[in-house]
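1. got a predicted model here, sequence first, then my questions.
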Amino acid sequence: RLAVSAATSSFSTFPTARTYEIQLRGIFPATNVLVNNVPILMEPFNELINGQDGTTNGYTYDGSTLSIVIYIRQPMSTSQSFQIQIQLSASISHPLLSQVPTAFVGLLARCQSAKA
């Protein structure tokens, strides 16, 4: 569960609403994502690259970085908090993600740094 709090102060050009892109790295894919208890649709990563209408909330999974990317495209009021609930396909304490030094995340990071 992720909570986004309401703004506690403002300034003259402070937006009354905004969109969000939230990235959760180093985890397994989500099976379900809810924003304020409303399910949002999964968008296949390759379709996301080809372009979306940019008006609906959604999420995708980037397997190259083991990341869930949540797109809140419908502007949310900055004066109100909201909740995001993510159900994962496997636990974040799964050995493939957490065992050092052979965790998949560590191996992937080494491959990416060698490629750079």
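-> Sure, I can see it. Numbering: from 1, shown residues only.
2. pLDDT of stretch 5-12, averaged?
-> Across stretch 5-12, the average pLDDT comes to 90.
3. measure how far it is from the centre of its chain, please.
-> Here the centre of stretch 5-12 is set off from its chain's centre by 23 Å, with C-alpha atoms, centre = their mean, to the nearest Å.
4. same check on stretch 59-76?
-> Offset of stretch 59-76 from its chain centre (C-alpha atoms, centre = their mean): 4 Å.
5. mind listing residues that contact it?
-> For stretch 59-76, the external contacting residues (C-beta atoms under 8 Å, 6 or more residues apart in numbering) are 4, 17-30, 33, 35, 40-45, 48, 54-58, 82, 84, 86, 97, 104-105, 108. (C-beta placed from N, C-alpha, C; glycine too.)
6. sitting in strands, which of these do you find?
-> Applying DSSP state E to these, the entries found in strands are 4, 17-25, 30, 33, 35, 41-42, 58, 82, 84, 86.
7. in PyMOL, how would I select the buried members of those residues?
-> Selection of buried members from the ones in strands among the contacts of stretch 59-76 for PyMOL, criterion 16 or more other C-beta atoms under 10 Å:
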select buried, resi 24+30+33+35+42+58+84+86
